[in-house]
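A.B. asks: Predicted structure and sequence below. I'll ask about it afterward.
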Amino acid sequence: MSFSSQGFSPDIVRALTECGYEKLTPVQQQAIPHARRGHDILAHAQTGTGKTAAFSLPIIQQIFDKQKSRSRFNVRALILAPTRELVDQIAHNIESYTKYTDVSVAAVFGGAKMSSQERKLEAGVDILVATPGRLIEHIELGNVSFANLEFLVFDEADRMLDMGFINAIRTIMGGISQHPQTMLFSATSSTQMNSLAQDLLRKPKRVIVTAENSTAETVSHVVYPVDEDRKRELLSELIGKKNWQQVLVFVNYKETANQVVKELKLDGIKAVLCHGDKAQSARRRALEEFKTGKARVMVATEVAARGLDIQGLPHVVNYDMPFLAEDYVHRIGRTGRAGQEGHAVSFVSREEELTLVQIEKLIQQRIKRIQLAGYEPADRDALLLKMNTKPAFKNRQGRTNNPEEQGSAERRLRLRRAIQGKSSKVTRLKK
């Protein structure tokens, strides 16, 4: 099915052809006709399935068909996304789609100058792509008006909930008096997500491209059991021996990211960083070096799990298992995109075995274990036996995507590590 068959204007089809778009993906085939008819949409689809085009092209066409003079600080379409990387990516894609039209696009997110964003907003924009936090700053300064808002999109809505943006979303919605056509896109489902959908959508058309919380069939999954203090060594060995040329590595903490990059560089492996302490310009440079092959490895925290579109990325490594089982789906969604093969590799320490069980339960798939000689973790068999036989372990519930619970889990883990560090220091002093 071609884009011209959907009634898009020749100018839009021409731009899509230059982007390399030939046929509609499954999510586009299902969502675009509903969106063109003005329906609200609730869509569950994995990352890398063409969601941006699915929600943005119908908006672009309708704005193109009903051109209006722009008024000061007014916005016709608002697209919310959880991270600056994703906002930047969406805006870049829409600019490509609107290359031969007069549709205007602006992106606002943290880490960039407010003044330059304000200048863009003051002229009025057709499509605004924003993170919730930075958008609220502009709303409070009177830089944005939703008086004439016609379209509203929530991309990666589940991630916005994970990151604690529910109050920000409600604040933004409080400034929207009418009911624009609303589309909510998510890779995973949860009770909180469904509740948000009920609040935001009117008689939505439901689009499900794959089973909820599933992973792409083109991705192969493997697990390497290893002790925590051997992970850095194992990572270097796998990259070197298997000759991996492009590897995205996910960790849970910025401190870990810094240490891993330092170790990789000592082993002669060029690596770059992407985490919250880095300025947006530094993160862009790191991503560009990684995409172009100047850097072989990019080590990132969860902030990069959404919005990174790296063509043909072959390997994603979970150096740390994610705090939430759902985040496994998002992390490995960076590979195996657009029907290409991908490899998801996870390092699992003894303390992370339960998380692995929760992930396998979520994705309904048993992940292959590979025990690499010389990296056998201590006492792992005893733990697995306990987990598989004792009801308290077998029936234990996984974490939910409640941001407060996630934060508590992170704090508990940090506290435990701090206590362990102090204990080992006392032991050394006694010796």
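C.D. replies: Yep, it's here.

A.B. asks: so how many other residues sit close to R284?
C.D. replies: 16 (other CB atoms under 10 Å). Backbone N, C-alpha and C define where each C-beta goes, glycine included.

A.B. asks: Show me the shaky parts of the stretch 251-400 of the chain.
C.D. replies: 303-309, 336-339, 379-400 (pLDDT under 70).

A.B. asks: So which residues of it form strands?
C.D. replies: Taking DSSP state E, counting those that start in this stretch to define them, one finds strands in the stretch 251-400 of the chain at 271-274, 297-300, 315-318, 342-348, 368-369.

A.B. asks: Mind listing the strands the longest one pairs with, and their directions?
C.D. replies: To tie it back to what came earlier, the one meant is strand 342-348. For strand 342-348, the paired strands and their directions (DSSP bridges) read strand 219-225 (parallel), strand 315-318 (parallel).

A.B. asks: Then the first one?
C.D. replies: Each strand that pairs with strand 271-274, with its direction, by DSSP bridges: strand 297-300 (parallel).

A.B. asks: what do you get for the shortest one?
C.D. replies: Sheet pairing for strand 368-369, assigned by DSSP bridges, gives strand 219-225 (parallel).

A.B. asks: highest average neighbour count across the strands paired with strand 342-348?
C.D. replies: Sort the strands paired with strand 342-348 by mean neighbour count, taking mean count of other CB atoms under 10 Å, and strand 315-318 sits at the top with a mean of 24.

A.B. asks: how far out from the middle of the chain is that strand?
C.D. replies: 14 Å (CA atoms, centre = their mean, to the nearest Å).

A.B. asks: got it, and stretch 133-144?
C.D. replies: Distance, stretch centre to chain centre, for stretch 133-144: 24 Å (CA atoms, centre = their mean).

A.B. asks: where along the stretch 51-200 of the chain do the helices fall?
C.D. replies: When assigned using DSSP state H, counting those that start in this stretch, the helices of the stretch 51-200 of the chain occupy the ranges 51-65, 84-97, 114-122, 132-140, 157-162, 166-174, 191-200.

A.B. asks: which residues are in contact with the fifth one?
C.D. replies: By CB atoms under 8 Å, 6 or more residues apart in numbering, the residues outside helix 157-162 that reach it are 80-83, 132, 154, 166, 169, 184-190, 192-193, 196-197, 305-306, 324, 326-327, 330, 401, 403, 406.

A.B. asks: cool, and the third one?
C.D. replies: For helix 114-122, the surrounding residues in contact (CB under 8 Å, 6+ apart) are 72-73, 75, 106, 108, 128, 134, 137-138, 141, 143-144.

A.B. asks: Walk me through the domains of the protein.
C.D. replies: The record assigns the chain these domain ranges, following automatic domain parsing: 4-208, 219-378.

A.B. asks: Just tell me which of the strands of the stretch 251-400 of the chain ends up closest to Y21.
C.D. replies: Comparing those by their distance to Y21 (CB to CB), the top pick is strand 342-348, with 20.8 Å.

A.B. asks: any idea of the pLDDT on N194?
C.D. replies: The score at N194 is 85. That number is its pLDDT.

A.B. asks: What's the local residue count around it?
C.D. replies: N194 has 12 neighbours, counted by other CB under 10 Å.

A.B. asks: The one 3 residues further on now?
C.D. replies: For A197, the count of nearby residues is 19 (other CB under 10 Å).

A.B. asks: isn't it right next to K205, touching?
C.D. replies: No. With contact defined as CB atoms under 8 Å, A197 does not count as touching K205 (12.0 Å).

A.B. asks: anything in contact with each of those two?
C.D. replies: Taking CB under 8 Å, 6+ apart as the contact definition, A197 and K205 share the neighbouring residues L42.

A.B. asks: just to revisit the earlier point, spell out which two among the contacts of helix 114-122 are the most distant pair, please.
C.D. replies: Among the contacts of helix 114-122, the pair separated by the greatest distance (CB to CB) is R72 and R134, which sit 19.6 Å apart.

A.B. asks: Give the residue from these two that has the larger number of neighbours.
C.D. replies: R134 (20 against 10).

A.B. asks: Against V27, how distant is that one?
C.D. replies: 27 Å (CB to CB, to the nearest Å).

A.B. asks: picking up where we left off before, save the strands paired with strand 342-348 as CSV, and put in distance to K51 too.
C.D. replies: Written out in CSV, the entries for the strands paired with strand 342-348 read as follows (distance: least, CB to CB, whole Å):
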stretch, distance to K51
strand 219-225, 17
strand 315-318, 19
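
A.B. asks: Let me know which of the ones you listed is the nearest to A31.
C.D. replies: Ranking these by distance to A31, with CB to CB as the measure, places strand 219-225 first at 22.8 Å.

A.B. asks: Check which element follows that closest one along the chain.
C.D. replies: helix 231-241 (DSSP states H and E).

A.B. asks: Could you list every helix and strand that that next one packs against?
C.D. replies: If contacts are counted by 3 or more CB pairs under 8 Å, 6 or more residues apart in numbering; DSSP states H and E, helix 231-241 sits against helix 254-266, strand 342-348.

A.B. asks: how far off helix 254-266 does that helix point, in degrees?
C.D. replies: Using axes from the mean of the first three to the mean of the last three CA atoms, to 10 degrees, the interaxial angle of helix 231-241 with respect to helix 254-266 works out to 40 degrees.

A.B. asks: Quick one: mean pLDDT for helix 231-241?
C.D. replies: If you average the per-residue pLDDT over helix 231-241, you get 94.

A.B. asks: For the next helix or strand after that helix, which strands pair with it and how are they oriented?
C.D. replies: Downstream of helix 231-241, the next assigned helix or strand under DSSP H and E is strand 247-250. Pairing partners of strand 247-250, with direction, according to DSSP bridges: strand 297-300 (parallel), strand 315-318 (parallel).

A.B. asks: who touches the first one?
C.D. replies: Read it as strand 297-300. 239, 247-251, 257, 260-261, 264, 269-275, 286-287, 290, 304, 308, 319.

A.B. asks: Can you go through the residues you listed and name the buried ones?
C.D. replies: Of the members of the contacts of strand 297-300, the ones counted as buried by neighbours, 16 or more other CB atoms under 10 Å, are 239, 247-251, 257, 260-261, 264, 269, 271-275, 286-287, 290, 304, 308, 319.
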